[in-house]
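K.L.:
task: produce atomic coordinates for the following.
(2 chains)
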Amino acid sequence: MAHVRLRDIRKSFDRVDVLKGVDLDIADGEFISLVGPSGCGKSTLLRIIAGLEAQTSGHVEIGNDAVDGVAPAERNLAMVFQSYALYPHLSVFDNIAVPLRMRRLSTLQRLPGLRWLVPGTRSIERGIREKVADVAELLGMKDLLARKPGQLSGGQRQRVAVGRAIVREPRAFLLDEPLSNLDAKLRVHMRTEIAQLHRRLAATFIYVTHDQAEAMTMSDRIAVMMDGNIVQIGTPDQVYDDPQDLRVAEFIGSPKINVLDAALGSDGQLAIAGKPLPLRCAPGVTGPVRLGLRPEVLRLAEESAALITGVLSHRENLGGEVLLHITVPASKEPVILRLDHGGARGLALGTPLGLTFAPADALCFDAVGKRAPMTAVTAREAVHA
Amino acid sequence: MPDGTGQDFPATVQGVAPAMPQRRRSQQAVALGLLTPALVLMTLLLIGPVVVVMFMSLTDYQLGASAWSIIGFGNYQELFADRVFWKSLTNTLLYVGIVVPASVALGLGIALLIESGRSLRAFYRSVFFVPVMATLIAMAISWEYMLHPQFGLINLMLKAVGLPARAWLSDPALVLPTLAVIGVWQLFGFNMVLFLAGLVSIPRALYEAAEMDGARSAWARFRLVTWPMLGPVTMFVVLISAIRSFQVFDTVHVLTKGGPSKASEVLLYTMYSEGFEFFRSGIAAAIAVVFLGFVLLLTLVKARVLDRQVHY
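P.N.:
Presented below is the predicted three-dimensional model:
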């Protein structure tokens, strides 16, 4: 088990910069997710850590060893591929045994037939059998060991791929979108299973995904990547509650955060659609600014107390909760409001609605999308204004 | 969608139900009608001649003769007692035994080299494929000049580096291996192209997984991924090579005519000389049946044993 340190990693393919200087410190035993939209460079970064791709510049350190230019096999990492990459001609048992056979047996000891004449093969094979049986037991697939990958379901194949990764003790596990080929229900289930596996192994996990829900539910920390840079690193709560960039705020959270255009008064006070808000941007921020409001911080309000007004355009009933889509003048897309089960019953489409929110829950972003500091305006100031 | 229509209009279901057997019958008639051209052609051009040859092998028919009679297995008895036939059969098997492994190994080796190289791929592919496209008769004549004992290119080169010249086509010990080399030269390009196609279809992720799993050397990755993944292609290549080298005839006919002293006599050449030089069609037919037996055996081996092992 080891920590992983990346220093100023850059990667270009034919003059296209895929990674633009990534620094990342991953602690020993940490579960970190690299998350971002497709094309942000997260998979390339993982492949550079694995050694399957060479960085154009920068340094990778695993444990305390610099591994730049070191072959993947020598880095002692394990990887779960998006396509699982199981050897189709080998049984489940043999698939899981491959990493052990490659490391414990010599070339001669792997030759079919001849291998049994080399002293030591038998006892090493016995050790491998025990280890594979342990892993199969752990992952609950003892009955599948004789099957070929072609005879397994997607979830079972995924489990074999995980088994092949955990059968030896690598310094870190690399997972490249391992759940993206599974159906939605199985994905949710495997999420829990992988998180539990991480707790049990207490190993370093580096998990690449484009699904923010996977990153949120499993990780100790999330690194959000955009356009070849890590935009923000933090715990799931930090990234959700305190996004430092509008793109991060928009990427993390489902349904997406509501973004409203806001006007910036001369004293820094914000207004939406001409209506002043009890919020003031710190001096130095220049407009136009945008206000981010998570669907769950919005509440329905009387029109007189409302900070935003709009018209109900659509209602999504998800059973446990209801999402209201409200068309407002300050945003091209409708504002989404989340209510608990049974909320907004009897509201007809087209009904004018007032919305309010606690000032502390609003997030303000400046013209380039960076988070802008903001203070609540006290009641007296508000009256004065 | 006949079922969908039935559900959409329940009122008509009763009317449709008795018509179903009739429809099935008419479908069968259509199927049969569509099969007929292929069946007729197969019978006329393949199954018919095979049956005729089998029948002919039981007669004493001679090409051009007006009378013939059925003599049972007389032709086979004569054949199996004939030393030339056994010589011809062992020569053919020896030829196949050299050409198949050599052309498969060479085809795979060159395919791997081309695949791992970066530049001039298309050039190498074409160069090695040329012998496959060339007419073998014409190529055999070029080989004849190259192998000429006195002024052949090969002997001149050997002499230039101080090695003794050889009589490639008239030395009984050398003639069959020499013909086999020409056979390999003609065949490996075809095998190479098949292997190239097989190599391209191996997912890259498997090689990456192998590297992560600790397959350090190229040989370890070849054993773990390439060789097993090429299983079906290899099976096909071996079979095609075997059938094609069983059919060796052109080079023998042009270069040696089975000589010297039957050292390069092969099955198809024996059949040709029996049938069209000595006009003993019955014997020739018997040889054809033996030949057919070998090809059938190869096909069965593929279908029964190996297909199961390499299929996933």
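K.L.:
assign a three-state SS to residue 278, would you?
P.N.:
Since no chain was named, I'll use chain A. What DSSP: H, G, I helix; E, B strand; the rest coil gives for residue A:278 is strand.
K.L.:
let's do chain B instead
P.N.:
Residue B:278 - assigned by three-state DSSP - is coil.
K.L.:
per-residue confidence at it?
P.N.:
pLDDT for residue B:278: 82.
K.L.:
so how many other residues sit close to it?
P.N.:
12 (other Cβ atoms under 10 Å in any protein chain shown). C-beta: built from backbone N, CA, C; applies to glycine.
K.L.:
any idea how far it lies from chain A?
P.N.:
With distances taken as Cβ to the nearest Cβ, to the nearest Å, residue B:278 is found 49 Å from chain A.
K.L.:
and for residue B:196?
P.N.:
Residue B:196 sits at a distance of 20 Å from chain A (criterion: Cβ to the nearest Cβ).
K.L.:
now that residue. Nearest residue, chain neighbours left out?
P.N.:
In space, and not counting its chain neighbours, residue B:196 is closest to residue B:111: 4.7 Å by Cβ to Cβ, 6 or more residues apart in numbering or on different chains.
K.L.:
low-confidence ranges in chain A?
P.N.:
For chain A, applying pLDDT under 70 flags the ranges A:1, A:378-385.
K.L.:
what residues does it put near chain B?
P.N.:
For chain A, the residues in contact with chain B (Cβ under 8 Å from any Cβ of the partner chain) are A:50-52, A:71-74, A:77-79, A:81-83, A:85-90, A:98-99, A:102-103, A:107, A:110, A:148, A:150, A:164.
K.L.:
buried ones from those, can you make that a ChimeraX selection?
P.N.:
Command for ChimeraX, covering only those of the residues of chain A next to chain B found buried under the criterion 16 or more other Cβ atoms under 10 Å in any protein chain shown:
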select /A:50,51,52,72,73,77,78,79,81,82,83,85,86,87,89,90,98,99,102,110,148,164
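K.L.:
in helices only, show me the residues of chain A next to chain B.
P.N.:
A:50, A:72-74, A:98-99, A:102-103, A:164 (DSSP state H).
K.L.:
pull the most distant pair out of these.
P.N.:
Using Cβ to Cβ, these span at most 18.3 Å, a distance reached by A:74 and A:164.
K.L.:
ok, the residue nearest to residue B:196 - contacts?
P.N.:
Contacts of residue B:111 were listed using Cβ atoms under 8 Å, 6 or more residues apart in numbering or on different chains, and they are B:191-193, B:195-196, B:198-199.
K.L.:
ok, so what distance separates it from chain A?
P.N.:
In this view, residue B:111 and chain A are 19 Å apart by Cβ to the nearest Cβ.
K.L.:
tell me the pLDDT of that residue.
P.N.:
For residue B:111, the model assigns a pLDDT of 92.
K.L.:
OK, contacts around the residue with the largest distance to the centre of chain A?
P.N.:
Distance from the C-alpha centroid of chain A, by Cα atoms, centre = their mean, peaks at residue A:117 (49.5 Å). By Cβ under 8 Å, 6+ apart, the contact list for residue A:117 is empty.
K.L.:
quick check: it vs chain B, distance?
P.N.:
For residue A:117 relative to chain B (Cβ to the nearest Cβ), the value is 18 Å.
K.L.:
where does chain B dip in pLDDT?
P.N.:
Using pLDDT under 70, chain B drops low at B:1-20, B:305-312.
K.L.:
show the subsequent helix or strand relative to the longest helix anywhere in it.
P.N.:
Using DSSP H, we find that the single longest helix of chain B is helix B:83-116. Towards the C-terminus, the helix or strand next in line after helix B:83-116, according to DSSP states H and E, is helix B:121-133.
K.L.:
how is the chain divided into domains?
P.N.:
No chain in the question, so chain A it is. Annotated domains of chain A cover A:4-241, A:255-384 [automatic domain parsing].
K.L.:
sorry, I should have been clearer: chain B.
P.N.:
Under automatic domain parsing, the residue ranges defining each domain of chain B are B:2-56, B:74-310.
K.L.:
out of these, deepest packed?
P.N.:
domain B:74-310 (a mean of 17; mean count of other Cβ atoms under 10 Å in any protein chain shown).
K.L.:
ignoring the adjacent residues along the chain, who's closest to residue A:331?
P.N.:
Nearest residue to residue A:331, sequence neighbours excluded (Cβ to Cβ, 6+ apart): residue A:260, at 5.0 Å.
K.L.:
any idea how far residue A:331 is from the residue nearest to residue B:196?
P.N.:
Using Cβ to Cβ, to the nearest Å, residue B:111 is found at 59 Å from residue A:331.
K.L.:
for residue A:57, same thing?
P.N.:
Between residue A:57 and residue A:331 the computed distance is 42 Å (Cβ to Cβ).
K.L.:
which one's more surrounded, those two?
P.N.:
Applying other Cβ under 10 Å to residue A:57 and residue A:331 shows that residue A:331 carries more neighbours, namely 20 against 13.
K.L.:
helix or strand next in line after the helix or strand containing residue B:192, which one?
P.N.:
Residue B:192 is part of helix B:175-200, with elements assigned from DSSP H and E. Next along the chain after helix B:175-200, taking DSSP H and E as the criterion, comes helix B:204-212.
K.L.:
who does that following helix touch, helix- and strand-wise?
P.N.:
With contacts taken as 3 or more Cβ pairs under 8 Å, 6 or more residues apart in numbering or on different chains; DSSP states H and E, helix B:204-212 sits against helix A:72-75, strand A:77-80, helix B:218-221.
K.L.:
now with 6 Å?
P.N.:
On a contact count with 3 or more Cβ pairs under 6 Å, 6 or more residues apart in numbering or on different chains; DSSP states H and E, helix B:204-212 meets helix A:72-75.
K.L.:
the helix it packs on: how far from the chain's middle?
P.N.:
26 Å (Cα atoms, centre = their mean, to the nearest Å).
K.L.:
hmm, who's touching that helix?
P.N.:
Residues outside helix A:72-75 that contact it (Cβ atoms under 6 Å, 6 or more residues apart in numbering or on different chains): A:50-52, A:67, B:211-212, B:214, B:216.
K.L.:
related to what we said a few turns ago, just how off-centre is whatever helix or strand the residue nearest to residue A:331 lives in within its chain?
P.N.:
With secondary structure defined by DSSP H and E, residue A:260 is part of strand A:258-264. The chain centre lies 27 Å from the centre of strand A:258-264; the measure is Cα atoms, centre = their mean.
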